[in-house]
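**Student:** Here is my input, please return the structure:
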Amino acid sequence: SHAGYDWISYPPLFGDRMRFLPRTAIAILALLCVATRAQQVHVSNPDASFLDVSARRSELKDATSARVLTALKELKPCNAAGAPPPHGKMYIPDRYLSGGHGATNIQEHDASQPYYAVQNEAAHGANSFLVTGDPAQARCVLDVIDAWAQAKALLDYNATDDPTPTFAEVGWTAASLALAYSVIEQEPSLDSRKKANSVKWLREVAHKMQSGYHRGDAPANKNNLSYWRGLAATAVGVISSDDELFKWGLEQYTRAIGQLDDAGAWPLEMARSELAIHYQSFALEPLVMIAEFASRQGIDLYAYSSHGHTLKDAVLFVTAAVHDPTHAQKLSGSVQNIGADQQDFFSWLEFWNRRFGDAGAADYLNRPWFA
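**Tutor:** All right, here's what the predicted structure looks like:
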């Protein structure tokens, strides 16, 4: 047991495998589950973002790191007019022309632009507010989110049958907006009506997202996209004090650790051929942020272990594979197209490095990263 919360992992980590366990083992597991439920996982501090906003702002005033100074110079303000909400049924075609890798579909890129725009504007405004404390940046972020809330965006889609990017973009966008909101929500000049409306809408989006799954045994139900939905649920759960969402988000983390193989790789990401390392790192982005949110609620997910693995194994797999992709190439069956220079590839590394060191990727801590 880790801080009394490993009962979270009980349903997702065992699942169908329960039928292969001896009855005595099942009984013991059930008793453990019941015994630890007394220590319920819940949102203890709905005002806690994934970092301490005031402490980080104070710290940044004395920043000396070259990459942090570069990031400060590159701050972009929020533009409320830069992310108008889409209207009508949400539909984004498949990203890849065939399967889960290879040539991409320009129509998917074009259809995703409104969602990229709102994610970026919210993130830019939250970053600017974090650094400067400028109330106008917080108000801009809230205006952006409120406009999407009024439009009832991210709700008109069919998770069962729509293409995967439609399903995925809901999780990415809800996560981005909830993270940004968590940074700006304590600004006293914010309109309370807009705040309430925005949180109510994000909660509705997150609950629909939580209950939606692709038809059959689709990889998107279990791979990195499920971790992103977990981040969205975690973040929205915190800002709305919704214990059900928060708990479900953490369950996606514990399930992810249970999916790691002996090498610290996720088999579903290794199945992405030449993009295996890319998607292994992409999977770490939401998981690290879930752990950061959980930490602010007094839960140490970084310590969570399943069959001898923690998130550290996945981190070390990525950092080693970037330097030498040989093993990942054997697992995936393809020469790797890593893309470690893309602006978000090591965005999770800043948080990891702060807690545990660079994990062998110090040469990548030489520039700002943005997801």
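
**Student:** Quick check: which ranges of the chain have low pLDDT?
**Tutor:** For the chain, the stretches flagged by pLDDT under 70 are 1-39.

**Student:** Mind doing that once more with 90?
**Tutor:** Low-confidence segments of the chain, defined by pLDDT under 90: 1-40, 94-102, 105, 167, 214-217.

**Student:** what about the residue nearest in space to the middle of it, which SS state?
**Tutor:** In the chain, the centroid-proximal residue (CA atoms, centre = their mean) is residue 286; its distance is 2.5 Å. Three-state call for residue 286 (DSSP: H, G, I helix; E, B strand; the rest coil): helix.

**Student:** What distance do you get for it to residue 348?
**Tutor:** Residue 286 sits 9 Å away from residue 348, going by CB to CB, to the nearest Å. Yep, even glycine has a C-beta here, placed from its N, CA and C like the rest.

**Student:** related to what we said a few turns ago, show me what contacts the residue nearest to the centre of the chain?
**Tutor:** By CB atoms under 8 Å, 6 or more residues apart in numbering, residue 286 lies in contact with 175, 224, 227-228, 230-231.

**Student:** Over to residue 190?
**Tutor:** 138-139, 142, 184.

**Student:** what helix or strand is it on?
**Tutor:** Using DSSP states H and E, residue 190 sits within no helix or strand.

**Student:** Look up phi and psi at it.
**Tutor:** Per-residue torsions, residue 190: phi -70, psi 140 (degrees, to the nearest 10).

**Student:** Looking at this structure, which helix is longest?
**Tutor:** Under DSSP state H, the helix in the chain containing the largest number of residues is helix 106-132.

**Student:** buried sites along that helix?
**Tutor:** 108, 111-112, 114-115, 117-131 (16 or more other CB atoms under 10 Å).

**Student:** With stretch 261-280 instead?
**Tutor:** 263-266, 268-280.

**Student:** and if you look at stretch 301-313?
**Tutor:** 301-302, 304-306, 309-311, 313.

**Student:** That stretch: how far from the chain's middle?
**Tutor:** Relative to the centre of its chain, stretch 301-313 is centred 17 Å away, using CA atoms, centre = their mean, to the nearest Å.

**Student:** Please measure how far the first residue of it sits from its last one.
**Tutor:** 14 Å (CA to CA, to the nearest Å).

**Student:** returning to what we had before: list the helices and strands the longest helix of the chain packs on?
**Tutor:** Packed against helix 106-132 by the contact rule (3 or more CB pairs under 8 Å, 6 or more residues apart in numbering; DSSP states H and E) you find helix 53-60, helix 135-150, helix 164-184.

**Student:** contact partners of the first one?
**Tutor:** For helix 53-60, contacts defined as CB under 8 Å, 6+ apart pick out 68, 72, 130-131, 133, 183, 186.

**Student:** quick one, phi psi at residue 104?
**Tutor:** According to degrees, to the nearest 10, residue 104 has phi -100, psi 160.

**Student:** One more: residue 96?
**Tutor:** phi -110, psi 140.

**Student:** swap in residue 366?
**Tutor:** Dihedral angles for residue 366 - degrees, to the nearest 10 - are phi -120, psi 10.

**Student:** That one against residue 67, yeah?
**Tutor:** Yes. Assessed by CB atoms under 8 Å, residue 366 is found in contact with residue 67 at 6.2 Å.

**Student:** and the nearest residue to residue 151 once chain neighbours are set aside, how many residues sit next to it?
**Tutor:** Closest residue to residue 151 apart from its sequence neighbours, by CB to CB, 6 or more residues apart in numbering: residue 85 at 3.7 Å. Residues lying near residue 85 (other CB atoms under 10 Å) number 19.

**Student:** my read: residue 237 touches residue 206, true?
**Tutor:** Yes. Taking contacts as CB under 8 Å, residue 237 lies within contact range of residue 206: 7.4 Å.

**Student:** Which one's more surrounded, the two?
**Tutor:** Counted by other CB under 10 Å, residue 237 and residue 206 do not tie: residue 206 has more neighbours, with 30 against 27.

**Student:** need the contact list for that one.
**Tutor:** 174, 178, 232-233, 236-237, 242, 245.

**Student:** which stretch of helix or strand covers it?
**Tutor:** helix 192-211.

**Student:** now the angle between helix 192-211 and whichever helix or strand comes after that helix, please.
**Tutor:** Moving toward the C-terminus from helix 192-211, the next helix or strand (DSSP H and E) is helix 224-240. Angle of helix 224-240 versus helix 192-211, following axes from the mean of the first three to the mean of the last three CA atoms, to 10 degrees, is 150 degrees.

**Student:** Now the residue nearest to the centre of the chain: closest residue in space, sequence neighbours ignored.
**Tutor:** residue 231 (3.7 Å).

**Student:** likewise residue 48?
**Tutor:** Residue 48 sits nearest to residue 296 (CB to CB, 6+ apart), 3.9 Å away.

**Student:** So what's the residue count around the one you found?
**Tutor:** If we define neighbours as other CB under 10 Å, then residue 296 has 19 of them.
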